[in-house]
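1. predicted model follows, preceded by the sequence.
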Amino acid sequence: MSILKVARIAHPVLRSSAKPLPKEAFRDRLFQKLIDDMRETMYEYEGVGLAAPQVHEGLRLAVIELPAKDERSEAEVPFMVLVNPVVTPLGDEQEDGWEGCLSIPDLRGMVPRLKRLKLDALDRDGKPFSLEAVDFFARVIQHECDHLDGNVYVDLMKDMRTLTFIKEFEDHVHRDEE
Ligand SMILES: [Zn+2]
């Protein structure tokens, strides 16, 4: 397995619409290796999700894992692969929450997101699955799926004054919220 180079904003791959994976892709050894490498890369940079365009691959593919120790998530989400994901809103309730992105290093910002959604996708073997997600898990799904359409979280921020460096976030913002 390899740790991949992460694209940062202004690289065109992050602003392009990613291509759907065809059926043949799932048997491709290189496609399976890409998933393993994305997993390794996500762990290396301590992310909870990573989308293929972030590692310079314009494919509708993302990985997510919410560790039990992550205080933002209510429940652990084991490593999962999302291929050709489709998000359907469940209701119109929105919720503000903090987000960061490996492609916009060292920053955090407050982003409104759907509170509740349905996800339809294929797993790494091409098998369809469907689930409902709420709160932080729903947020991460929306964040990763946005990458597949060339969007990043700062595009959705309503108040740019909430943009903060992680260190200052820990020193000032996070502390005040506790
Ligand atoms: Zn991101």
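-> Yes, it's here.
2. from now on I want contacts and neighbour counts done on CA atoms only, so please keep to that.
-> OK.
3. please identify the buried residues of the strand ranked longest in the chain?
-> The single longest strand within the chain, with elements called by DSSP state E, is strand 77-89. Within strand 77-89, the residues scored as buried using 16 or more other CA atoms under 10 Å are 81, 82, 83, 84, 85, 87.
4. name the strands paired with it and say parallel or antiparallel.
-> Applying DSSP bridges, strand 77-89 is found paired with strand 61-66 (antiparallel), strand 116-122 (antiparallel).
5. just the pLDDT for residue 176.
-> Note for residue 176: predicted pLDDT of 66.
6. what helix or strand is the spatially most central residue of the chain on?
-> The residue lying closest to the centre of the chain (CA atoms, centre = their mean) is residue 144, at 2.9 Å. Per DSSP states H and E, residue 144 falls inside helix 135-148.
7. and the next helix or strand after that helix, average pLDDT?
-> Moving toward the C-terminus from helix 135-148, the next helix or strand (DSSP H and E) is strand 164-165. Mean pLDDT, strand 164-165: 96.
8. what's the answer for stretch 28-47, then?
-> The pLDDT scores in stretch 28-47 average 97.
9. render the CA-only coordinates of that stretch in CSV, please.
-> Extracted C-alpha coordinates of stretch 28-47, given in CSV (Å, rounded to 0.1, in the frame of the first residue of the first chain):
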residue,chain,number,x,y,z
ASP,A,28,-9.4,-4.2,-12.0
ARG,A,29,-6.5,-4.8,-9.6
LEU,A,30,-5.4,-1.2,-9.9
PHE,A,31,-8.9,0.0,-8.9
GLN,A,32,-8.8,-2.2,-5.8
LYS,A,33,-5.3,-0.9,-5.0
LEU,A,34,-6.5,2.7,-5.3
ILE,A,35,-9.1,2.0,-2.7
ASP,A,36,-6.4,0.5,-0.3
ASP,A,37,-4.1,3.4,-1.0
MET,A,38,-6.9,5.9,-0.3
ARG,A,39,-7.6,4.1,3.0
GLU,A,40,-3.9,4.4,3.9
THR,A,41,-3.7,8.0,2.9
MET,A,42,-6.9,8.9,4.9
TYR,A,43,-5.3,7.2,8.0
GLU,A,44,-1.9,9.0,7.4
TYR,A,45,-3.5,12.4,7.4
GLU,A,46,-6.1,11.5,10.1
GLY,A,47,-9.1,12.3,7.9
